[in-house]
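Engineer: Here is a sequence with its predicted model. Questions after.
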Amino acid sequence: MHNNNLTVKIERAISELRRGGKLIVSDINTGTCVLLVASELIEKETIQELSEQSLSRPSIILSSNRSNAIGINVKNQPSSILINKNWSIDDILSLCMPLYGYDKPLINGVILESNKSIISSCLLILRQARLLPAGLMSIISNVKIENINQWAFKNDLLHVETNDIQSYETSNTDNLTMSVKAKVPISYTDNCEIIIFRPKDGGDEHFCLLFGETRNVLNITKHKHIPLVRVHSQCITGDVLESLKCDCGQQLKQSIKMMSQANEGILIYLAQEGRDIGLLNKLRAYTLQEKGMDTVEANMALGFDDDERLYYPAKQILKKLNIDTLKLITNNPRKVENLSSLGINVTERVSIKIEPNKHNKKYLKTKLEKSGHIL
């Protein structure tokens, strides 16, 4: 499929899932088609509607992390659970997300799914929609795959293929364009400008700040100077509200200060809230941390990985700026590895010194011991 058509199609599918609608997902390799609904948005009639439309019994699909969290031992593979007709909505939700004070129902009929299965693609598009990686799914047993588009149109349903879901994130990033550039004086310096990057066919907007001499970067095709770069993921609680639970806002301000004083540098600000699980899920993780979990444990209890971020947008922004070699401001060696794997030459990792407080000591300790940060 042409990239433009692909991204538009997946953006529409994401919107449908986020409003609680049903989505058809098909796998041309296996000839399988399913109906998918986001678990956190189900209503009383959802199970019956799925059963009647697909003529099959719905299942709960879970990521490997959520499966392990509820006692299903899997290794890097999703699972599915046949839904008992006597289960309530809360019974179903208790399997899909932590519900404190609610006893999970007895589970029967667990299937361990292959990572290459249609289940993984369903979970991926849920994550792309910033929804929990847990859904309700039923196999469409009454329609052949070659007739699925006609059936989808007749039933007013959107249809996407697994290949489209798998290709979406890179295709959407390839469509990033510079939409506007403007000078923006800030408290640290008035020699600064902002550039907004927008995907042609929808999706999240990212931006970057150019400091001092780096403002000339677009006029130079070959750079002798190696710029300071900070790739920073959105953190509304830290960056805007100055939350003391994390060090994100402090890292952002310190990076801006460093680049302002050096009179050069690029701050890339990615719309990847909560390590790309979204603000709502990040706050869900906060409530789990209040119960005693650390950040990694909370993310995994919700079904996510420790870090869901992708660095394709950063690579594309750097490409648009004619930058392929840089000094990276970060305490996270994984970030260096991720950018290097995308062809970015990171010549130096520049540390950021942040003083801990009583609210983020556990957070920083988890970063050090479980996420490999160098503090």
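Structural biologist: All right, it came through fine.
Engineer: just the strands in the stretch 1-150 of the chain please.
Structural biologist: 23-27, 32-38, 59-62, 79-82, 110-112, 134-139 (DSSP state E, counting those that start in this stretch).
Engineer: quick one, which of these is nearest to residue 266?
Structural biologist: Among the strands of the stretch 1-150 of the chain, the nearest to residue 266 by Cβ to Cβ is strand 32-38 (36.4 Å). C-beta: built from backbone N, CA, C; applies to glycine.
Engineer: hang on, the earlier thing: worst mean pLDDT among the strands of the stretch 1-150 of the chain?
Structural biologist: Mean pLDDT values for those show the minimum at strand 110-112, a mean of 87.
Engineer: Which strands and helices lie in contact with that one?
Structural biologist: Packing partners of strand 110-112 (3 or more Cβ pairs under 8 Å, 6 or more residues apart in numbering; DSSP states H and E): strand 79-82.
Engineer: Same question for the strand it packs on: list its buried residues.
Structural biologist: If you call a residue buried by 16 or more other Cβ atoms under 10 Å, then strand 79-82 has these buried ones: 79, 80, 81.
Engineer: so who does the nearest residue to residue 107 once chain neighbours are set aside touch?
Structural biologist: The spatially closest residue to residue 107, leaving aside those adjacent along the chain, is residue 81, at 5.8 Å (Cβ to Cβ, 6 or more residues apart in numbering). By Cβ atoms under 8 Å, 6 or more residues apart in numbering, residue 81 lies in contact with 59, 60, 62, 72, 95, 107, 109, 110, 111.
Engineer: Just the buried ones from the residues you listed?
Structural biologist: Buried residues within these, counting neighbours by 16+ other Cβ under 10 Å: 59, 60, 62, 72, 95, 110.
Engineer: got a list of what the third one touches?
Structural biologist: Spelled out, that is residue 62. Per Cβ under 8 Å, 6+ apart, neighbours of residue 62: 70, 72, 78, 79, 80, 81, 95, 96, 123, 133, 134, 303.
Engineer: Go again with 10 Å.
Structural biologist: By Cβ atoms under 10 Å, 6 or more residues apart in numbering, residue 62 lies in contact with 39, 68-70, 72, 74, 78-81, 95-96, 110, 113, 119, 123, 132-135, 303.
Engineer: Give me the below-cutoff pLDDT ranges for this protein.
Structural biologist: Within the chain, the segments meeting pLDDT under 70 span 1-4, 115, 219-223.
Engineer: quick one: the helices in the stretch 201-350 of the chain?
Structural biologist: Using DSSP state H, counting those that start in this stretch, the helices of the stretch 201-350 of the chain run over 248-262, 273-276, 279-290, 295-301, 312-320, 333-341.
Engineer: nearest to residue 101, of those?
Structural biologist: For the helices of the stretch 201-350 of the chain, proximity to residue 101 was assessed by Cβ to Cβ; helix 279-290 is nearest, at 12.5 Å.
Engineer: which one of the buried residues of strand 79-82 sits closest to residue 30?
Structural biologist: Taking Cβ to Cβ as the measure, residue 30 lies nearest residue 80 of those, at 14.8 Å.
Engineer: Identify the bridge partners of the residue nearest to that closest one when sequence neighbours are not counted.
Structural biologist: In space, and not counting its chain neighbours, residue 80 is closest to residue 59: 4.3 Å by Cβ to Cβ, 6+ apart. Taking DSSP bridges, one finds residue 82, residue 137 as the beta-bridge partners of residue 59.
Engineer: For residue 59, list the residues it contacts.
Structural biologist: Residue 59 touches 34, 50, 79-83, 109-111, 113, 119, 135-139, counting by Cβ under 10 Å, 6+ apart.
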